[in-house]
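Novice: Pasting a predicted model and its sequence here:
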Amino acid sequence: MSEPSRVDPPPSADRVLTFGVVAFVLALLYALAADPYHFVYDDGGITLRYAERLAHGSLGYVDGERVNGASSPLHTLALALGLRLGLDAEWAVRGIAALAFAGAIGLAGATFARRGAYGAAALALCLAFAHARPFEMLTSGLEVPFVWLSAAALFAALDRGGQFPIAIALALCAVNKLDGLLAWAAFVVVDAVRQRRIPFATLGIAGLVTVPLLLVVALVFGSVLPNSLLVKLQHGAAQTQFDPLWMPRLLWEGSRLACIVALGSVPLLFVHPPARRASLLAAQVWLVLHVSAHVFVRAGAPFPWYAAVPQAAVWWIAVETVQGFADLATSRLRRPIFAQLLPSLAAVATLGLKAPELLQRLERPDGPAGVPLDGAGDLARAAAGAWLRANTSGTELLSTPYGLPAFEYVGPVIDGSGLNSRRDPEVEARAPYELVGPLETDDLAGRGTGERRFVAIFRYDARAPIYAVTARASSEVVRANLAHVPPDFTIPPEIDPDGWLARARKVPISADELHVTCRRWRDRLARVEAGAMPDGATAR
């Protein structure tokens with residue numbers, strides 16, 4: 001099949017740049033205005049811990065040891081730069097995520113505009129907005145927006161051609177996350193199919209760029225290979241139950257619309273113009289490799305951010321599919337209008353189907369959507385660390401089973417999971433403070449026994465789990481007679497047999513004392529602080 005002839009001359013460089021910039025600006029404004037409810041959670045807090053310490057000249061998760069738990073070093077370095085430039089943590093996370101996500105959409109817009117496929121450029125923008133999970137994770141502190149940026153850079157470079165742009169994009173994929181090396185495998189497949197050779201020259205250039213960057217990673221974080229990956233693989237190998245299809249299920253749940261459209265891309269491999277086949281085939285192969293890896297490799301647990309690469313690939317494939325069939329219709333029916341009309345209609349349909357969800361993201365904190373339940377537990381865990389930071393000198397050791405809330409606490413932390421620090425049960429046992437949770441009220445009994453007592457209990461939704469802090473009698477908090485208990489929380493006698501927790505001076509944690517949270521949670525905590533909403537009330 002020959003490429004459909006153009007009615008108009010090829011777009012000028014100025015027009016292509018304009019489309020790319022417009023797509024970038026629209027995506028940036030929406031990403032900054034949309035409130036995806038979430039704040040920094042799970043591995044995002046660990047990433048910020050590394051970034052904040054690096055911004056202030058400290059290497060690693062804790063002083064005295066170099067354990068690499070920063071699984072996305074490029075994203076971590078970008079956050080460290082933002083913090084070093086004076087941004088607070090919330091805006092470092094939000095700003096960098098929005099820039100990266102908008103950069104991915106801007107690259108897509110410019111790529112399709114360069115072909116004269118303006119409808120496809122609009123569809124790329126709309127379909128990216130319609131994806132649920134990327135926006136859910138914009139403020140999470142995780143590397144999802146950076147993954148989208150590196151993926152879009154590779155697809156755009158393959159579409160344009162040229163050894164150097166492709167090599168730089170491959171290096172970006174590998175340095176952002178080591179599983180980006182699967183993109184190298186996808187590129188080799190693409191070049192082998194198109195050119196019937198192995199692209200040694202491009203791979204060599206990519207290697208020359210990647211190796212120095214990985215040396216910087218090793219210098220900063222102590223190792224190129226994330227220790228967190230090794231621990232999760234060990235944990236996964238010990239699992240007795242494992243769903244090998246969890247990744248396809250996650251993709252279907254988070255981006256069903258794009259998945260349905262992307263399924264139609266297979267026939268295009270046989271009719272697509274060779275010049276446009278590279279980025280489509282690369283996205284397809286990368287998608288298959290990444291999903292297959294998670295079918296056979298147990299990486300600890302089915303964390304949703306593992307799906308960032310497949311989601312980006314599905315997004316690109318879906319746009320390519322619509323544009324491919326539009327070009328096919330144009331060629332067969334000899335109606336040039338189809339080249340713009342079909343993808344434009346798909347863009348409008350996407351906005352129509354997703355309009356309620358897109359508008360809901362723009363609702364203010366007092367809107368009817370409320371605060372999602374899954375954020376309440378993360379907030380309680382972060383608040384435990386922030387409360388310790390606000391009421392101690394920050395020099396006493398905190399033992400935590402997760403490596404969190406190390407960012408909120410700031411002080412020395414030992415990670416009982418071994419993801420970020422070396423396991424040492426004796427040191428954990430001697431730590432002045434220990435984080436316990438997630439727990440139900442009935443589970444508190446027996447956790448504050450022995451040499452530690454409960455000093456702080458946190459719960460921001462009656463349906464959400466509890467996180468608590470236990471402390472030794474010699475700790476600063478116990479000696480200062482300080483405690484935190486939700487106002488509506490009844491202290492079980494079995495966790496406070498001598499009445500100390502009931503008698504201690506209750507010191508609340510305010511929204512301003514939390515390093516990072518979203519606008520909805522800031523408003524909620526401010527109302528709790530003002531007494532307008534009881535701490536521990538139901539969110540919705």
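Specialist: Structure received. Numbers count the residues shown, from 1 in each chain.
Novice: For the rest of this, base every contact and every neighbour count on C-alpha atoms.
Specialist: OK.
Novice: what about the strands in the stretch 351-500 of the chain?
Specialist: Counting by DSSP state E, counting those that start in this stretch, one finds strands in the stretch 351-500 of the chain at the ranges 398-400, 413-415, 433-439, 452-458, 466-472, 482-483.
Novice: mind giving me a markdown table with the ones you listed and columns for distance to Val285, mean pLDDT and mean neighbour count?
Specialist: Converted to a markdown table, the strands of the stretch 351-500 of the chain look like this (distance: least, C-alpha to C-alpha, whole Å; pLDDT from 0 to 100; neighbours: other C-alpha atoms under 10 Å):
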| stretch | distance to Val285 | mean pLDDT | mean neighbour count |
| --- | --- | --- | --- |
| strand 398-400 | 40 | 95 | 26 |
| strand 413-415 | 37 | 92 | 26 |
| strand 433-439 | 39 | 91 | 21 |
| strand 452-458 | 46 | 92 | 24 |
| strand 466-472 | 43 | 93 | 24 |
| strand 482-483 | 55 | 96 | 21 |
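Novice: For those strands, give me a markdown table that also has distance to Arg423.
Specialist: As requested, the strands of the stretch 351-500 of the chain are exported to a markdown table (distance: least, C-alpha to C-alpha, whole Å):
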| stretch | distance to Arg423 |
| --- | --- |
| strand 398-400 | 11 |
| strand 413-415 | 7 |
| strand 433-439 | 15 |
| strand 452-458 | 20 |
| strand 466-472 | 20 |
| strand 482-483 | 29 |
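Novice: for Tyr41, helix, strand, or coil?
Specialist: Assigned with DSSP: H, G, I helix; E, B strand; the rest coil, Tyr41 falls in the coil class.
Novice: if I pick Ala185, what's in contact with it?
Specialist: Counting by C-alpha atoms under 8 Å, 6 or more residues apart in numbering, Ala185 makes contact with Trp286.
Novice: which residue packs closest to the residue most central in space within the chain, ignoring adjacent ones?
Specialist: Nearest to the geometric centre of the chain sits Leu142, at 3.1 Å (C-alpha atoms, centre = their mean). Leaving aside its sequence neighbours, Leu142 sits nearest to Gly44 (C-alpha to C-alpha, 6 or more residues apart in numbering; 4.7 Å).
Novice: Please name the residues that touch that neighbour.
Specialist: Listed by C-alpha under 8 Å, 6+ apart, the contact set of Gly44 reads 140-142.
Novice: Where do the helices of the stretch 151-300 of the chain begin and end?
Specialist: 163-176, 181-195, 200-221, 227-237, 246-254, 256-262, 268-271, 274-296 (DSSP state H, counting those that start in this stretch).
Novice: would CSV of the ones you listed with mean pLDDT and distance to Tyr460 be doable?
Specialist: Shown next, in CSV, are these (pLDDT from 0 to 100; distance: least, C-alpha to C-alpha, whole Å):
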stretch, mean pLDDT, distance to Tyr460
helix 163-176, 92, 34
helix 181-195, 90, 41
helix 200-221, 90, 35
helix 227-237, 70, 29
helix 246-254, 83, 27
helix 256-262, 86, 32
helix 268-271, 79, 51
helix 274-296, 86, 34
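Novice: With respect to Ala130, which of those helices lies nearest?
Specialist: helix 256-262 (8.5 Å; C-alpha to C-alpha).
Novice: can you give me the offset of that closest one from its chain's centre?
Specialist: In terms of C-alpha atoms, centre = their mean, to the nearest Å, the centre of helix 256-262 is found 21 Å from the chain centre.
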